[in-house]
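# Provide a 3D model corresponding to the input given below.
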Amino acid sequence: PAAQVAGALAFAAAAGGVAVAAERSDAEVQARLAAGFAGLAGCVGVGSGAFGFHGLPRMLRAMGRGDLEKWQKIWNIGVHYSLMTSAGLVGLAALPSATPGRKQAIAGLAAGVPLFSWSIQAYVITGAQAFQLLTPFGGLSMMAGWGSLFVAAALGGSGDALEARAELDKLVGYQAPPAAEVAADDSLRTEPN
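Numbering: from 1, shown residues only. Now for the predicted structure:
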């Protein structure tokens, strides 16, 4: 009975959360997810940093793993990137909702933390090579997220795709041909003559 009550309460809370989320704009949900995941990544980063200093060496000795310094360095890479990415997600949550690239930056950074940072730490704890296979995907995801943040910051604007394209064209010095030339150019027609 207690498990059923707990399950019913969890379902009701989840349903209430979905209803509240449905009332919020997509941008507000993105900001809340970015801030929430930043909090999670930051919390796990600080906690795993403390564990890496205090508990990890003891655990690795008990497992018979040699070269504790090497394993701690690897562990701390995960800590470092988790905390850096957490700060990036806080910044993304604070950006205006219509900023181009914001959604992609949030997705890239949020996916990168577990795939990169946490897979490194799982590898240190378990020694399972399978976790090493995830790490590069996490790194690429983080790079895509940080790259999207660059684009978001460089372009700014309202988020309108045409406006963003025009700003990018100005940034790289591209001059579009006059509309009359484009209209007269038969090679650009998509419908059959």
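# quick one: average pLDDT of stretch 27-35?
Here stretch 27-35 scores 86 as its mean pLDDT.
# List the contacts of that stretch.
Around stretch 27-35, the neighbours that count as contacts under C-beta atoms under 8 Å, 6 or more residues apart in numbering are 21, 24, 89-90, 92-94, 97-98, 102-103, 106, 110. Placement of C-beta: from N, CA and C, glycine included.
# which of those are buried?
89, 90, 92, 93, 102, 103, 106, 110 (16 or more other C-beta atoms under 10 Å).
# out of those residues, which are inside strands?
Using DSSP state E to define strands, no part of the buried ones among the contacts of stretch 27-35 is located there.
# what two of these have the greatest distance between them?
Based on C-beta to C-beta, the longest span within the buried ones among the contacts of stretch 27-35 runs between 90 and 103 and measures 16.0 Å.
# With distance to residue 75 as added columns, please give the contacts of stretch 27-35 in CSV.
Listed next are these as CSV, based on distance: C-beta to C-beta, whole Å:
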residue, distance to residue 75
21, 35
24, 37
89, 21
90, 23
92, 26
93, 27
94, 30
97, 36
98, 39
102, 31
103, 31
106, 26
110, 21
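# hey, where'd the helices end up in the protein?
Secondary structure of the chain, counting by DSSP state H: helices at 2-23, 26-54, 56-62, 68-94, 102-112, 119-126, 130-155, 161-172, 179-184.
# Quick check: the closest residue to residue 59 other than its chain neighbours vs residue 31, distance?
Excluding its sequence neighbours, the residue lying closest to residue 59 (C-beta to C-beta, 6 or more residues apart in numbering) is residue 125, at 7.5 Å. Distance of residue 125 to residue 31, computed by C-beta to C-beta, to the nearest Å: 33 Å.
# Look at those two and report which has more neighbours.
More neighbours surround residue 31 than the other of residue 125 and residue 31, with 20 against 17 (other C-beta atoms under 10 Å).
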